[in-house]
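In: Task: produce atomic coordinates for the following.
(chains A, B and C)
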Amino acid sequence: MKFGVLVFPGSNCDHDTYNVISELAKQPVTLLWHDSSDLENCDAILVPGGFAYGDYLRTGAIARFSPVMQSVKKFADAGGPVLGICNGFQILCESGLLPGALMRNAGLKYICKQVYLRSETLDSPFTNQLTRGEVLKVPIGHMEGNYFCDDETLKTLQRNDRIAFRYATPEGEITPQANPNGSLDNIAGILSEGRNVLGMMPHPDRSSEQMLGSADGFKIFQSLVGTLAAAGR
Amino acid sequence: MKAHVYVTLKRTVLDPQGQAIHNALKKMQYAEIEDIRQGKYFVLTLGDSLDAVAAKNEVERIAREVLTNPVIEEFTFHLEDGE
Amino acid sequence: MNPEPAAVAPQPVTVTPELLAQHSITAEEYERILAALGRTPSLTELGIYSVMWSEHCSYKSSRVHLKRLPTKSDRVVQGPGENAGIIDVGDGWACAFKIESHNHPSYIEPHQGAATGVGGILRDIFTMNARPLAVMDSLRFGPLSTEEEPDEALVRKNHSIVEGVVSGVASYGNCFGVPNLGGETRFETCYSGNPLTNAFALGLVKRDEIFYAKATGVGNPVIYVGAKTGRDGIHGATMASEEFKEGSEQKRPNVQVGDPFMEKLLLEACIEAMATGAVLGIQDMGAAGLTCSTCEMGARGGVGLEVELDHVPQRETGMNSYEIMLSESQERMLLVADKGREDEVLKVFAKWGLDASIVGTVIAEPKMRILHHGVVVADIPNQSLTDDAPVYHRPVGTWKAPVPAEPSAEILAELSKDRDYTADLKKLLAASNICDKRWVFEQYDSMVQTNTVQGPGAEAGVMRIKGTNRALAMALDGNGRWCYLDPKEGAKLAVAEAARKVACTGATPVAATNCLNFGNPEKPEIMAQLSSAIDGIAEACTALGTPITGGNVSLYNETKGEGIYPTPVLGIVGILDDVTKAVPSGFQREGEAVLLVGGGVAAQTASIAVKDLGSSSYAKQVLGGFWGTVPSGFSLEGEAQLHKVLAQLANENLITSSADISDGGIAVALAEAAFRNGVGVNANIIPVADAPAAVALFGESASLVIITCSKENIEKVEELVNSYSELSSLLLGETGGSRVTIEIANDIASTSGGVVIDASIAELRDPWANALESALHDQTANEVLA
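Out: Below you'll find the predicted structure:
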């Protein structure tokens, strides 16, 4: 199997994500430059955090027009697994690979801290090694993580079990206090209709080693590696 | 020719920045302000080759496809003959 | 380029006293310019001298004193004089680090002023080929409440400065992608009109891949890279060298606007360009922009640089040579490439979408020669701008104690009352200098790059070095209040405390950087502060084995004739050989022993008295007084031994946590350690003879730390501590439960002694955790408006 990590000008978690795959998951991984539409036969695409193109128009807005994203759209449409983290989630929403949008945090400020996520579905290539309701300690670091979509979209997400993670208390309760950014329905991560695209604001790349405060996020990468291995990749 | 494009959050979407400014104004005794919406303003300078109709279409398309995110934002624009 | 333009001297300007005053050049300095040039300068040349000879660039008032600082050790690869200092950290790695002030811009336009402060220090690091690993900030603001600052308008201004500076630091570092490990945020009335923003950055570079800001090889091309030049910040360097007067806000156009996205691209492009081998020397354009980089790179290499300004990428039209040379547009670098290989360099910058333009060549004559439209507009010997800049031996006054030695009768009466120490502790925990700074540091990305082992809120930041077992620990510290009471002792204590914080993690402190924030050097009493503080730093850095590898001096920190407290801020870097042995701060689990360890614990606590309490947070926040001097009984030898034993205890896995005792004394240190993981403590403190319990509870003796260890290890810990001549340890109690309980054997004020503090963690935590946020509450909107 082979992983591809996208690199946009302004990406700053590209190496962190790369490092998790190469050093911790010990799988082949390559960096894919924004200007090229060649995905180099990767079996999974990771869209890392950062400030692609400075996030100057809107977060993720310019990145969606890059050549590499045109290829990622085709890849996702064909069922290929795509994981967008933080700025990656914002890019996936702007690109239309995931519904909704990420608005400025309700508190108007950038927030970097450890939060707790409740895993809401096991039915995806990214979550199949979790247990239902499992609480993960994973940090956030964003200014625009306030998930928004219209009522109908929200109902669709809920009905089709497409909410992957919700902000929760350490005990796993979904409360307004546990919601760090005002996200609708405490949504921290969602799946595409085909369940092969996951976007999440919290950083599993920053919570894959106990030394850094938590290794809970690594289970998401392990799920993906397991899924690919099972598919003979 | 110049195009002036104004982007704001949709009416149905909460605008925390606008609200924060509004609250501050209230505290500063500007009692007559009923609402504030914060937005972005773009000035596009267009090449001479576009006529008014083509310019309108071009700007509208850019505003819709690039400058706004239709999930949360809306826009208005007007064209102005420059220099 | 015209090969012989020097034959024509630049067009002289008509020099008037007004023109010199506008450039902050004195009559004597102008005489020096005439002597150096042998002719009347052009306007561009006058501008160049004005910025290069400004206090900010030339250190003309502080230079003679800075020479007394220790700058060498086996680990120091590069001392002061380069973009940043560098030390060897082992395994083939070195680290570049430095602290720098951006005080004046942060007052005029807090968000951009602070943001560009971060941008500038980051460029200083990566220009040496070191990838930034971490940043920290030392921030000083005026009070946030009318209790401490009666002028409501000033309090509002302080609020907007706090909001602006913190958001500026955050926005730049977050976008650039460097973790911010916090630092310190302090509040005092003297910083109301003069906030301090000191930004520290540290980067990693392979020991044999360091780049220097030196031009070499006559005929080699000089390349300008990065952002285009605009009229930003013209005369920023001269501005930073003047006191603020009414109307300084009018200077707003002087403040540069930062673009962290551009800087991130510049980082990647510069590091990639350096890897080609075609780059010979590189310097960032910070204060004094193109002027500074051109003459300094030439001076370091003993050569000259000839630059044609027509080739400088420009953002605005119609800029004249004066404006281009003095612009402080951000995110720009100047480099010298190997002739014939310039295309390799240009290609890298094109890949990253950045401007890169060959603007000139290295020449043999040691001069900076500037042409505009083919005409020479400046032709100045490098030496006259750098090494031969004026040096002032300004009169050094005698330092006088600014406050009474003994407390007032009212305070003594207050102290001898039967006090509710739990209430006092709550008050202290909510004090702006002690309370939780989460509101600040949660706005910073502290985790990007996935190296942060200990982030904001810990005693010191700890960053692992990927690919090795090592980690670097770093901390910033300064205590203006102490330096105000005694500049020399206060400065020593600042060095000691920053190093102690590093040592608390188990790391060995090895080097230092300093940022000296003082008032107007033309006043002898300010020079007395500066000179004494430098003596204190020199003595402490020598004793603790942490030479100064660089830093900066910020003078004229005065508003309307009122100076700030003398505020030397120290940044200390330490090395931890095994990152898995890093010691956390805060109690980790129940049932562990809590010990007080330090330089002569018994001697110190016996000698400490009411007079020593006068400089403490307790005196300020609870008693409302200010007397005496810095804590007595401090010895550098004891401090050095304490650092050694902490490293040893960590290395032998004997301790499970450590915490430095500073603001608020033992009581606050115990409470904060309990907050960390919600593990309570029951401690028994020995009383100070003939003094109220407040002295033992809240006194701020230096060289003391609280450590925890498993009960089986108590003897081993004590044995190790006692093997040092100056150290001793004292078993205070045990962790556990959900309360913080402190007993004292007897208190002269109360009849019995016994339990003097007892409260649940939650009850104590609330005021501590919410103080800053509630002080700033409702201010968000003002920030949006600002």
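In: all strands for chain A, in order.
Out: A:3-7, A:29-33, A:44-47, A:82-85, A:101-103, A:111-119, A:135-142, A:146-148, A:163-168, A:187-191, A:197-200 (DSSP state E).
In: So which bits of the second one are buried?
Out: Residues of strand A:29-33 classed as buried: A:29, A:32 (neighbour count, 16 or more other C-beta atoms under 10 Å in any protein chain shown). Using the backbone N, CA and C atoms, a C-beta is placed for each residue, glycine as well.
In: Tell me if that strand is near chain C.
Out: No. Using C-beta under 8 Å from any C-beta of the partner chain, we find that strand A:29-33 stays clear of chain C, coming within 9.0 Å at best.
In: hang on, the earlier thing: for the strands of chain A, give me a markdown table that also has distance to chain B.
Out: As requested, those are exported to a markdown table (distance: least, C-beta to the nearest C-beta, whole Å):
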| stretch | distance to chain B |
| --- | --- |
| strand A:3-7 | 20 |
| strand A:29-33 | 22 |
| strand A:44-47 | 17 |
| strand A:82-85 | 16 |
| strand A:101-103 | 4 |
| strand A:111-119 | 14 |
| strand A:135-142 | 15 |
| strand A:146-148 | 6 |
| strand A:163-168 | 17 |
| strand A:187-191 | 13 |
| strand A:197-200 | 14 |
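In: Tell me which of these sits nearest to C:A691.
Out: strand A:111-119 (41.1 Å; C-beta to C-beta).
In: Send me the closest one as CSV with only the CA atoms.
Out: Provided in CSV are the C-alpha atoms of strand A:111-119 (Å, rounded to 0.1, in the frame of the first residue of the first chain):
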residue,chain,number,x,y,z
ILE,A,111,-8.0,27.5,19.8
CYS,A,112,-5.3,25.0,20.4
LYS,A,113,-6.0,22.4,23.1
GLN,A,114,-6.7,18.8,23.8
VAL,A,115,-10.4,17.9,23.3
TYR,A,116,-12.4,14.7,23.6
LEU,A,117,-14.2,13.0,20.7
ARG,A,118,-16.9,10.4,20.8
SER,A,119,-16.7,7.9,18.0
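In: Strand partners (parallel or antiparallel) of it?
Out: Here strand A:111-119 has these sheet partners by DSSP bridges: strand A:135-142 (antiparallel), strand A:163-168 (antiparallel).
In: Can you check which of these gets nearest to C:A512?
Out: So among these, strand A:135-142 is nearest, using C-beta to C-beta, at 30.0 Å.
In: how many degrees apart are that closest one and strand A:187-191 in direction?
Out: Orientation check (axes from the mean of the first three to the mean of the last three C-alpha atoms, to 10 degrees): strand A:135-142 against strand A:187-191 gives 100 degrees.
In: so C:A134 sits in a helix?
Out: No. Assessed with DSSP: H, G, I helix; E, B strand; the rest coil, C:A134 is strand; it does not lie in a helix.
In: and it, how many neighbours does it have?
Out: A count of neighbours around C:A134, defined by other C-beta atoms under 10 Å in any protein chain shown, yields 26.
In: in chain B, which spans are helices?
Out: B:16-27, B:52-62 (DSSP state H).
In: Worst mean pLDDT among these?
Out: Per-segment mean pLDDT for the helices of chain B reaches its minimum on helix B:16-27, at a mean of 82.
In: mind checking how far that one is from the chain centre?
Out: Distance, stretch centre to chain centre, for helix B:16-27: 19 Å (C-alpha atoms, centre = their mean, to the nearest Å).
In: can you check stretch A:145-158 too?
Out: Centre-to-centre, stretch A:145-158 and its host chain are 16 Å apart (C-alpha atoms, centre = their mean).
In: Span of it from start to end?
Out: 19 Å (C-alpha to C-alpha, to the nearest Å).
In: As CSV, could you dump the C-alpha coordinates of the lengthiest helix in chain A?
Out: Longest helix in chain A, counting residues (DSSP H): helix A:218-230. Extracted as CSV, the C-alpha positions of helix A:218-230 are listed here (Å, rounded to 0.1, in the frame of the first residue of the first chain):
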residue,chain,number,x,y,z
PHE,A,218,-3.3,6.7,15.9
LYS,A,219,-6.3,4.3,15.9
ILE,A,220,-7.7,6.2,12.9
PHE,A,221,-4.5,5.6,10.9
GLN,A,222,-4.4,2.0,12.1
SER,A,223,-8.0,1.5,10.9
LEU,A,224,-7.1,2.9,7.5
VAL,A,225,-4.0,0.7,7.2
GLY,A,226,-6.0,-2.3,8.2
THR,A,227,-8.7,-1.5,5.7
LEU,A,228,-6.1,-1.2,2.9
ALA,A,229,-4.4,-4.4,3.9
ALA,A,230,-7.6,-6.3,4.0
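In: Distance from the chain centre to that helix, please.
Out: 14 Å.
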